[in-house]
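> Sequence and computational prediction follow.
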Amino acid sequence: MKTIPGDVRARFADAVWIPPMLVAAALVGWQATRPQLWRDEFATWSAITRSPAALDRLTDHIDGVLEPYYQLMHVWIGVFGDSVLALRGPSMLAAVATAGLVVVLGAIVGSRRAGLLAGLVYAVLPSTIRYGQEARPYALAEFAAVAATVLLFLALRRRRWFSWAGYAVALAVLGALNLVMLLVLAGHLVAVLDDLRTTRRWQSLVPPGVAVLAAVAVLIPFTQRGYGQTEVQLGSSHRTSLYLIAELPVGLCYGVVAAAALIVLAVAGAFLNGRPGRVFGLLTIAPIVALAAIALFVPVFNHRYAIFVAPLACVLAGLALARPRLPLALAVVAVFLLITLPAQAAVRRSHEGLSDPLVDYRGAARVIATARQPGDAIVYQRSGWQFADIAMDYYLRPNAPRDILATTTDDAAGSFWTPEVAQPDAALTHVSRVWAVVPDGPATGPGPRYDRVRAALTSTFRQAGRWRLSGITVLLYQHQPGLH
């Protein structure tokens, strides 16, 4: 496989990477605050607003592998605040930068035109917008994965120690952001073995091997912590199944139409560009195969953990689009944009799962803010992963009613779930009005059970109000003496 044909500086003398970055900035920036924060983003906010000591307590129990991201975001909000736009800012910047890197990678594998078109396809992909508008580490990890791939090809060309050092650093950053995304190494192995076919020198395996070992050595503490938290950390991931494998392209592109179009273009790019296309096609598929194999034994199969495959597939699409004349290729990109507009609109409405309804936390907070009275208390269904209490804390801030059942804060408990009193009846004795926030979905999770709370409310309170919102219900209870 050819690594970098021609002079790299000459290829980018006209800044061909700028148009895809501008398109990505426009699409990711458009309505970036419209989709509400969802449960995972509330977890981010909860973690990064804690003190360093409290964050250590949290990551000792859950999200230990995300501590570097949380530390980064802690510094970030100290400068830019914790508005929705500020929380999503790093991901937005990462998505735009990744568009530029996809251009570079496409030029390395194919040509300047291939890089330009690959970057444009990536910029209009619905998943680029989805993860670029999320306060989680996936967009940053995707950037690190593409950067590591670019640096690998540069190192294979230059064969200098500092090139391999840069590659090792990129891998370490990737692993610090998301350990599972180190599966990109399965694809990198394809490139290294193809380079070995060309050089016929086994010694050429030593530099990439040393770089990978150096990165892995740095990440050992995170790996050990993540392994110890597997049970609680991977609640939304699964073992490999045929259904999940078939659904993976839809998850990577965030839409059936986008997935089908990108697959067609990527396959064409792989088979119409000789050995470089076929080898890069194998490089793109290898991480998915590795993920499916590992997930047979460990429940890590989640399309979010393979999101870095999307920009690699875009490079293949760029190789295919580089074959016709540029105006025709740009017309195809424009059609790709048009047919994916419904999916782009969907990701701007909600960050919940592809088939899941919006959980209207913001609407629930608005109901409480409008009708609350001094002395009101509040209770939550915490026995799930919806984090309604964190959401109310975010939107209501100091105006949130008193959390009457909490024995301590989630901060002090080192958890996302606030501990509650064992006997809710006694705690509710001296309040006259109680709000209850009850998200939809199964009440399964590490948090306290809600059954006893509901029983205590219905035994001594009457329901004075009920607001049914998308994915969540707000209830108001009024104390009624003598009701049992």
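That came through fine. Numbering: from 1, shown residues only.

> which helix in the chain runs the most residues?
Assignment by DSSP state H gives helix 84-109 as the longest helix of the chain.

> In that one, which of the residues would be classed as buried?
Judged by neighbour count (16 or more other Cβ atoms under 10 Å), helix 84-109 contains these buried residues: 84, 86-109. Just so you know, the C-beta spots here come from the backbone N, C-alpha and C atoms, and that holds for glycine as well.

> So Val438 lies in a strand, does it not?
Yes: assignment of Val438 by DSSP: H, G, I helix; E, B strand; the rest coil places it within a strand.

> Specify the beta-bridge partners of it.
Per DSSP bridges, the residues bridged to Val438 are Thr473.

> OK, contacts around it?
Tyr380, Gln381, Ala388, Tyr450, Ile472, Thr473, Val474, Leu475 (Cβ atoms under 8 Å, 6 or more residues apart in numbering).

> Contact partners for the first one?
To tie it back to what came earlier, the one meant is Tyr380. Counting by Cβ under 8 Å, 6+ apart, the residues that Tyr380 touches are Ala388, Asp389, Met392, Asp403, Ala436, Val437, Val438, Tyr450.

> Name the nearest residue to the last one, sequence neighbours excluded.
Going back to what we said before, that points to Tyr450. Gln381 (4.2 Å; Cβ to Cβ, 6 or more residues apart in numbering).

> the bottom helix or strand of the chain by mean pLDDT?
Every helix and strand of the chain was ranked by mean pLDDT, DSSP states H and E. The lowest is helix 8-11, at a mean of 51.

> Just after it, pick out the following helix or strand.
Moving toward the C-terminus from helix 8-11, the next helix or strand (DSSP states H and E) is helix 18-29.

> Which elements pack onto that following helix?
Helices and strands touching helix 18-29, by 3 or more Cβ pairs under 8 Å, 6 or more residues apart in numbering; DSSP states H and E, are helix 84-109, helix 112-124, helix 126-132.

> Make TSV from those helices and add distance to Ala53 to it.
Formatted as TSV, those follow (distance: least, Cβ to Cβ, whole Å):
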stretch	distance to Ala53
helix 84-109	22
helix 112-124	40
helix 126-132	31
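
> Which of those helices sits closest to Ala176?
Nearest to Ala176, of all these, is helix 84-109, at 14.0 Å by Cβ to Cβ.

> Against which helices or strands is that closest one packed?
Helix 84-109 packs on helix 8-11, helix 18-29, helix 39-48, helix 67-80, helix 112-124, helix 126-132, helix 138-158, helix 309-321, going by 3+ Cβ pairs under 8 Å, 6+ apart.

> mind running it again at 6 Å?
helix 18-29, helix 112-124, helix 126-132, helix 138-158, helix 309-321 (3 or more Cβ pairs under 6 Å, 6 or more residues apart in numbering; DSSP states H and E).

> Pick the most deeply packed of those.
helix 309-321 (a mean of 30; mean count of other Cβ atoms under 10 Å).

> Give the residue spans of the stretch 201-350 of the chain that score low on pLDDT.
Residue ranges of the stretch 201-350 of the chain with pLDDT under 70: 227-237.

> try it again with 90
201-205, 220-244, 246, 295-302 (pLDDT under 90).

> can you give me the strands for it?
Using DSSP state E, counting those that start in this stretch, the stretch 201-350 of the chain contains no strands.

> which residue ranges form the helices in it?
206-228, 230-233, 242-253, 256-271, 274-294, 309-321, 326-339, 341-349 (DSSP state H, counting those that start in this stretch).

> show me the contacts for the residue nearest the centre of the chain.
Centre of the chain computed as the mean C-alpha position; nearest residue by Cα atoms, centre = their mean is Tyr138, 3.4 Å away. Tyr138 makes contact with Tyr131, Arg304, Ile307, according to Cβ atoms under 6 Å, 6 or more residues apart in numbering.

> Which single one of those residues is nearest to Thr199?
Closest approach to Thr199 among these (Cβ to Cβ): Ile307, at 32.3 Å.

> Could you list the low-pLDDT ranges of the stretch 351-484 of the chain?
Checking the stretch 351-484 of the chain against pLDDT under 90 turns up 352-357, 383-386, 409-415, 422, 429-430, 441-452, 459-460, 479-484.

> Let's see that with 70 instead.
443-444, 481-484.

> try the stretch 1-150 of the chain
Low-confidence segments of the stretch 1-150 of the chain (pLDDT under 70): 1-14.
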